[in-house]
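Student: Sequence isn't available, so here's the structure alone:
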């Protein structure tokens, strides 16, 4: 799939992209628990994948994904999009300096609209920064099935200062 619409497709520097992947896939325990994977990222957007996992005996626990998981995933991809935008704001600074901007990141407001039941073999979530101010970032998100069907949308605001 392509990056979210109305975003730039410029690439992130390799060191920053490796940091984002490690943060998203390894350091955030919730993401590890759900087997979330970073698919790609840009200077103001982030895209992730989520498999529909069977339980320990090989059966699917439910035929649809719970709305709480969808909401949490939309929140995390939008937060990661904010990290991409903050990190891209100062590409000339060393990674350690850019990472200091992420300490204050936090969700202020989150809205999710569930459009259809989330039934699929795997899912994709996209987040993009609509506006990055000096104190607040506004984002939009999409949650899609494996076939690309839009299952949920979201909007959120994050404190970034």
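Tutor: Looks like it came in fine. Model, not experiment: these values are computed from the prediction.

Student: Flag the shaky bits of this protein, pLDDT-wise.
Tutor: 1-10, 53-62 (pLDDT under 70).

Student: And the helices in it, which stretches?
Tutor: Assigned by DSSP state H, the helices in the chain fall at 14-22, 29-34, 67-89, 95-99.

Student: Which positions in the longest one come out as buried?
Tutor: Within helix 67-89, the residues that qualify as buried are 70-88, counting by 16 or more other CB atoms under 10 Å. Quick note: C-beta positions are derived from backbone N, CA and C, even for glycine.

Student: tell me how far it is from the chain's mean position?
Tutor: 4 Å (CA atoms, centre = their mean, to the nearest Å).

Student: so residue 151 touches residue 73, yeah?
Tutor: No: the pair residue 151 and residue 73 fails to qualify as a contact (CB atoms under 8 Å) at a distance of 11.0 Å.

Student: intersection of neighbour lists for the two?
Tutor: Both residue 151 and residue 73 are in contact with 123, 143, where contact means CB atoms under 8 Å, 6 or more residues apart in numbering.

Student: Quick one: the strands in this protein, in order.
Tutor: 37-42, 45-51, 106-114, 122-132, 136-145, 150-159 (DSSP state E).

Student: If you count contacts, what does the longest one end up packed against?
Tutor: Using 3 or more CB pairs under 8 Å, 6 or more residues apart in numbering; DSSP states H and E as the contact criterion, the elements in contact with strand 122-132 are strand 45-51, helix 67-89, strand 136-145.

Student: Please point out which parts of that strand sit buried.
Tutor: 123-130, 132.

Student: quick check, distance from it to the centre of its chain.
Tutor: For strand 122-132, the distance to the chain centre is 6 Å (CA atoms, centre = their mean).

Student: before we move on, the earlier item: got the buried residues of strand 122-132 as JSON lines, with distance to residue 106 columns?
Tutor: Converted to JSON lines, those look like this (distance: CB to CB, whole Å):
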{"residue": "123", "distance to residue 106": "25"}
{"residue": "124", "distance to residue 106": "25"}
{"residue": "125", "distance to residue 106": "19"}
{"residue": "126", "distance to residue 106": "21"}
{"residue": "127", "distance to residue 106": "15"}
{"residue": "128", "distance to residue 106": "19"}
{"residue": "129", "distance to residue 106": "15"}
{"residue": "130", "distance to residue 106": "18"}
{"residue": "132", "distance to residue 106": "15"}
